[in-house]
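Undergrad: Next one to model:
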Amino acid sequence: MAPDETIAAHYGEPYAEQRALAAGQALVDRSNREIVRVSGPDRLTWLNDLSSQRLDTLAPGVPTQTLLLDLQGRVQHHLTLVDDGDAVWAHVEPGTSAELVAFLDKMRFMLRVEVADMTPDYAVVSVAAPGASPMTAPPEGAIAIGGDFLVPRATLADVPAPLGLRLAGIWAYEALRIEAHQPRLGFETDHKAIPHEVGWIEQAVHLNKGCYRGQETVARVHNLGHPPRRLVFLHLDGSVDTLPAHGSPVTLGSGTPAEADAETAVPGQIGFVGSSARHHELGPIALAVVKRTVPVDAELLAGGVAATQEVIVPPDAGRNVKIDPALRRRLR
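TA: Now for the predicted structure:
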């Protein structure tokens with residue numbers, strides 16, 4: 001089952017729902033997302049030591065994002081969170097909270113922290129486009145994380161009316177997320193994704209904090225190299241009725257410049273489609289992850305659909321100053 005199949009795709013007017021959400025006049029049921037609560041006096045310093053973001057100085061009410069990485073710096077979890085003064089509340093992708101809670105419980109040791117899966121009790125609703133500020137105050141009993149509200153699950157059906165908001169489906173939210181160049185775990189990432197490839201280095205990583213698992217890879221790529229792949233925004237051919245599905249191969253199109261790098265100007269897959277949608281103004285659009293060396297002016301095929309690129313993560317992301325190869329080897 002796809003992660004979003006359990007929530008409403010739309011309510012009969014997909015484009016009108018997009019426009020309303022972009023204007024801050026709609027609410028999206030994202031109750032398929034899962035919620036984790038971390039309480040205890042050591043919660044912020046503990047999470048700071050485990051994850052990629054600077055959290056030990058996080059002020060109450062300030063939303064942020066953080067990542068949990070493996071030892072090789074590959075992304076395992078993406079958390080959107082806030083501290084309310086008593087606890088950290090985070091929402092994560094459907095189907096990931098059990099693994100996240102198990103990992104956090106394993107890392108508690110003697111610290112004064114408690115971890116709980118709050119998914120049965122709370123649900124996520126969004127009242128703003130991804131990355132936008134909400135124009136609506138949260139209802140009583142809700143926890144605000146930017147434009148996302150965590151509301152008691154028992155009152156989910158009663159939330160929109162008092163706020164004066166119309167309902168919008170997940171199609172509206174996803175179209176605006178793609179437009180905003182916001183990656184999503186499990187869509188624009190795979191088992192080998194690192195933060196630099198999808199732009200999370202700016203949103204969910206603090207480059208001047210202490211050590212955490214995977215930090216060596218983050219620092220090495222940022223200071224000495226480039227990520228092997230990069231996130232791109234695609235404008236898709238509007239004359240085609242279908243959208244490329246998640247995981248569809250991205251290949252070079254027939255219009256690739258003849259002077260393109262020989263390494264990339266060959267038939268075969270050079271990336272994959274993460275997400276696609278029909279936008280109320282831009283038409284069919286997508287996010288994809290491609291090899292770093294793909295020319296930025298190369299025409300592409302996304303699941304067989306002609307596409308042009310808009311750069312999100314530049315090919316020279318990471319180290320932009322050339323280092324003598326002998327010195328580079330010593331630094332490794």
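Undergrad: bridging residues for Ala302?
TA: Beta bridges link Ala302 to Val250, Val305 when assigned by DSSP bridges.
Undergrad: Also Val75?
TA: Taking DSSP bridges as the rule, Val75 bridges to Leu69.
Undergrad: which residue ranges form the helices in the chain?
TA: Here the chain has its helices, by DSSP state H, at 14-22, 43-50, 97-106, 160-163, 170-179, 200-203, 215-224, 325-331.
Undergrad: Mind checking the pLDDT average for stretch 202-210?
TA: The average pLDDT within stretch 202-210 is 93.
Undergrad: Any buried residues in that stretch, and which?
TA: Buried residues in stretch 202-210, counting neighbours by 16 or more other Cβ atoms under 10 Å, are found at Gln203, Ala204, Val205, His206, Lys209. In short, each C-beta sits where N, CA and C put it, glycine included.
Undergrad: Identify the residues contacting that stretch?
TA: For stretch 202-210, contacts defined as Cβ atoms under 8 Å, 6 or more residues apart in numbering pick out 48-49, 52-54, 64-67, 78, 195, 201, 218-219, 222.
Undergrad: now with 10 Å?
TA: 48-49, 51-57, 64-67, 69, 75, 78-80, 131, 182-183, 195-196, 198, 201, 212, 214-215, 218-219, 222-223, 313, 317 (Cβ atoms under 10 Å, 6 or more residues apart in numbering).
Undergrad: Among the residues you listed, name the buried ones.
TA: For those, a burial check counting by 16+ other Cβ under 10 Å picks out 48-49, 51-55, 64-67, 69, 75, 78-80, 182-183, 195-196, 198, 201, 212, 214-215, 218, 222, 313, 317.
Undergrad: Return the subset of those lying in strands.
TA: Secondary structure defined by DSSP state E assigns Thr64, Gln65, Thr66, Leu67, Leu69, Val75, His78, Leu79, Thr80 of those to strands.
Undergrad: Tell me who's in contact with the nearest residue to Tyr15 once chain neighbours are set aside.
TA: Of all residues not flanking Tyr15 in the chain, His280 sits nearest, at 4.1 Å (Cβ to Cβ, 6 or more residues apart in numbering). Contacts for His280 (Cβ under 10 Å, 6+ apart) come out as Pro14, Tyr15, Ala16, Glu17, Gln18, Arg19, Leu21, Ala22, Ala172, Ala175, Leu176, Glu179.
Undergrad: Count the residues that sit near the last one.
TA: By other Cβ atoms under 10 Å, 21 other residues sit near Glu179.
Undergrad: For it, which non-adjacent residue is closest in space?
TA: Using Cβ to Cβ, 6+ apart and skipping the chain neighbours, the partner closest in space to Glu179 is His279 (5.9 Å).
Undergrad: Count the residues that sit near the one you found.
TA: Around His279 there are 18 residues (other Cβ under 10 Å).
Undergrad: right, and Val113 touches Thr45 too?
TA: Yes. Between Val113 and Thr45 there is a contact at 9.5 Å, judged by Cβ atoms under 10 Å.
Undergrad: Can you list the low-confidence ranges for the protein?
TA: Counting by pLDDT under 70, the ranges of the chain that qualify are 255-267, 319-332.
Undergrad: Distance from the chain centre to the strand of greatest length in it, please.
TA: Counting residues, the longest strand in the chain under DSSP E turns out to be strand 269-279. Here strand 269-279 shows a centroid-to-chain-centroid distance of 14 Å under the convention Cα atoms, centre = their mean, to the nearest Å.
Undergrad: Since that was my last question, I'll sign off now.
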